[in-house]
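Asks: Return a 3D structure for these sequence lines:
(one chain, ligands or ions: 1)
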Amino acid sequence: MSSKMTVRGLDDWTFMVSTSINGTSVSLTANLLVIATLVLTLLGYFVVPHLLSPLRSIPGPFLARYTNLYRLYHTTRGSFHLRITRLHKTYGPVVRIGPNTVDIDYPELIKLVFGTTTKQKAEWKKTGFYLSSSTRVKETGEIMYNLFSQIDPELHAKWKRPVAKYYSAAAVAGVESKMDEVVDMLCHELDKKVSGNDGQGGIDLGKWIVYYTWDVIGNVTFSQPLGYLREGKDFDGTLLTADKTLDYFAFITSIPWLDYVFDKNRIMRIGPPSFNHIVGLSVWHIMKRFQEDQGTEQKSRDADYLDMFLEARQKWPEVVDDAMVVRYTLSNMIAGADTTSSIIKTAIYYSMMAEGRWKKLREELEKAGINGEKCPVSYRDARSVPYLEGLVRESMRILPGIALGLERHVPKGGFTLPSGHYLPEGTAVAMNPYVLSRNKQIWGENVDEFKPERWLRAGGENETRYQERLQMMNSADLTFGAGSRMCLGKNLALMQIYKGLATLALLYNVEPADGAKEWKVINSFFVRQEGLEVRLTKRV
Ligand code: HEM
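Replies: Residues are numbered from 1 along each chain as shown. Here you go, the predicted model:
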């Protein structure tokens, strides 16, 4: 009976094939074949690897087991930090967020994964997540990696050595006067806004903060602000391009090879808008500096980063050529402005949303003997005020400037997580500063509350207990990364943040503008907030 059926089946099949030649059932048969092939291919490509994967016992969303498209989709929506926090609430400290990617919420593993000791240094290498944040040079087709995007540990160490010292706290003190010039420019422009509208209408202070940080980066790198404060707008489109490019970087991190289709495609570049303009700007400044150096005029200004990079070129000729100088300037420009403005905006937003917090900041500054006549406030003074310290640290905790998972590959030999899950060599492990800063074991039940006081010594708390608590909080703080790939510009960023906030708090009252809408937080490659509408009035 069954063999008959089979034969009949075969007959039918033959019939269909033969009639297909005449064109009657062709589409049905061909469709069945295509669908079967597709199903088998999909099974082979997505399902079989999952069934065989050593990560299959790790919990996570269903789709993420099979494809990185899950992560790509949520990253593209600009709210991945919220999604991943929810996933950790559902699944616990280990979540599989891609076929080969696991997000972990173990603050105690920061030291190991990011290699904070010499022995562990560079064992857990950066993944392809970082590669896209480089630029393909239009003219030569070369991909220009920078200090951030270079994932080869040896090359990275070689590139970093000649310039690391220029980012120390002492070296950064040398560019403070350049920062002061830009703080003055910011206040000058804000004063015009205040007197222009009598402080009644709203202004988008967030925009002015972005202009401030980009102009600071221009001034400390090239001794020339980029001009956004002066023009009062994104006059050359660079800031919009930067936003779009960072959105693209965020999108591509989940599937880095796609970058060779869209951006680093040698045959026909499809998109996104590139940082070529910033490369061009850097090259222009470098050429100008060469010409100036050949002139007889004595340099009468403080050294800027370009001077330092050119000094490195002289001292380390085997590593630093002209292209490397461009790479260094690009690291400053790409990594330094939007990250910093994001933290300042968060601090202003949370200060003005809670009754009296902005005022308290001013009172604490004044209590420390810092008043409006001392503006721009010196970094040293600003750092001496514990409340400002608490405000800045809390701003970085509640919304870190980078809120995507920082990824590293598991090294040779694999690694077993505290949960007992084994991760083989090559697994991508992500640690997200946003997730870590919501770990209740570290921060307590009120993790979602903005509370600068958590960084200060509490009433009744003795010094030893406070120091222990502080150390615990510090060890879970990944805002600037950790270990050998820690943020090189941390001192520069902190100086901008502290000086900017202290000066603004002394000179202006800031309140939400009448009828202001809720601001929008976009988790791009860096966190970006839109719509910080405030009512600004001058105080002194
Ligand atoms: C509040 C502001 C900033 C934040 C939150 C921030 C955050 C970070 C983080 C998290 C990393 C490490 C990424 C990783 O390991 O996966 C990093 C690296 C880096 N940052 Fe920043 N950054 C800030 C400001 C700056 C500034 C102002 C500069 C330069 C002017 C800068 C330059 C760099 C560079 C060059 C690296 C790569 C360092 C290396 O791999 O050696 N950053 N940053």
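
Asks: check contacts around residue 487.
Replies: By Cβ atoms under 8 Å, 6 or more residues apart in numbering, the contact set of residue 487 is 335, 480, 481, 493. All C-beta spots, glycine's among them, are computed from the backbone N, C-alpha and C.

Asks: farthest-separated two in these?
Replies: Farthest pair in the contacts of residue 487 (Cβ to Cβ) is 481 and 493. Separation: 12.1 Å.

Asks: between those two, which one's more packed in?
Replies: More crowded of residue 481 and residue 493, by other Cβ atoms under 10 Å: residue 493, with 25 against 18.

Asks: Spatially nearest residue to residue 220, not counting backbone neighbours?
Replies: residue 175 (4.4 Å; Cβ to Cβ, 6 or more residues apart in numbering).

Asks: burial of that neighbour, as a residue count?
Replies: 22.

Asks: That one against residue 305, yeah?
Replies: Yes - counting by Cβ atoms under 8 Å, residue 305 is a contact partner of residue 175 at 7.4 Å.

Asks: Now name the helix or strand holding residue 31.
Replies: Assigned by DSSP states H and E, residue 31 belongs to helix 26-42.

Asks: Now do that helix: distance to the chain's middle.
Replies: Averaging C-alpha positions (Cα atoms, centre = their mean, to the nearest Å) puts helix 26-42 44 Å from its chain's average.

Asks: tell me the contacts of residue 252?
Replies: Residue 252 touches 132, 258, 259, 262, 263, counting by Cβ under 8 Å, 6+ apart.

Asks: element containing it?
Replies: Going by DSSP H and E, residue 252 is part of helix 238-253.

Asks: Ignoring the adjacent residues along the chain, who's closest to the residue in the stretch 151-300 of the chain positioned nearest to the ligand?
Replies: Nearest residue of the stretch 151-300 of the chain to the ligand (Cβ to the nearest ligand atom) works out as residue 160 at 5.2 Å. Closest residue to residue 160 apart from its sequence neighbours, by Cβ to Cβ, 6+ apart: residue 147 at 6.1 Å.

Asks: pretty sure that neighbour is in a helix, no?
Replies: No - applying DSSP: H, G, I helix; E, B strand; the rest coil, one finds residue 147 to be coil, outside a helix.

Asks: all helices of the stretch 101-250 of the chain, in order?
Replies: Taking DSSP state H, counting those that start in this stretch as the criterion, the stretch 101-250 of the chain carries its helices at 110-113, 153-160, 169-173, 176-197, 205-222, 228-231, 238-253.

Asks: Give me whichever of the ones you listed is most buried.
Replies: helix 205-222 (a mean of 25; mean count of other Cβ atoms under 10 Å).

Asks: With just CA atoms, put it into PDB.
Replies: Presented in PDB, the C-alpha positions along helix 205-222 are these (Å, rounded to 0.1, in the frame of the first residue of the first chain):
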ATOM      1  CA  LEU A 205      20.200  75.000  26.400                       C
ATOM      2  CA  GLY A 206      21.200  71.500  25.200                       C
ATOM      3  CA  LYS A 207      22.200  72.900  21.800                       C
ATOM      4  CA  TRP A 208      24.400  75.500  23.400                       C
ATOM      5  CA  ILE A 209      26.100  72.800  25.600                       C
ATOM      6  CA  VAL A 210      26.900  70.800  22.400                       C
ATOM      7  CA  TYR A 211      28.300  74.000  20.800                       C
ATOM      8  CA  TYR A 212      30.400  74.500  23.900                       C
ATOM      9  CA  THR A 213      31.900  71.000  24.000                       C
ATOM     10  CA  TRP A 214      32.700  71.000  20.200                       C
ATOM     11  CA  ASP A 215      34.300  74.500  20.500                       C
ATOM     12  CA  VAL A 216      36.300  73.300  23.500                       C
ATOM     13  CA  ILE A 217      37.600  70.300  21.600                       C
ATOM     14  CA  GLY A 218      38.500  72.700  18.700                       C
ATOM     15  CA  ASN A 219      40.300  75.100  21.000                       C
ATOM     16  CA  VAL A 220      42.300  72.600  23.000                       C
ATOM     17  CA  THR A 221      43.300  70.700  19.900                       C
ATOM     18  CA  PHE A 222      43.900  73.500  17.400                       C
END
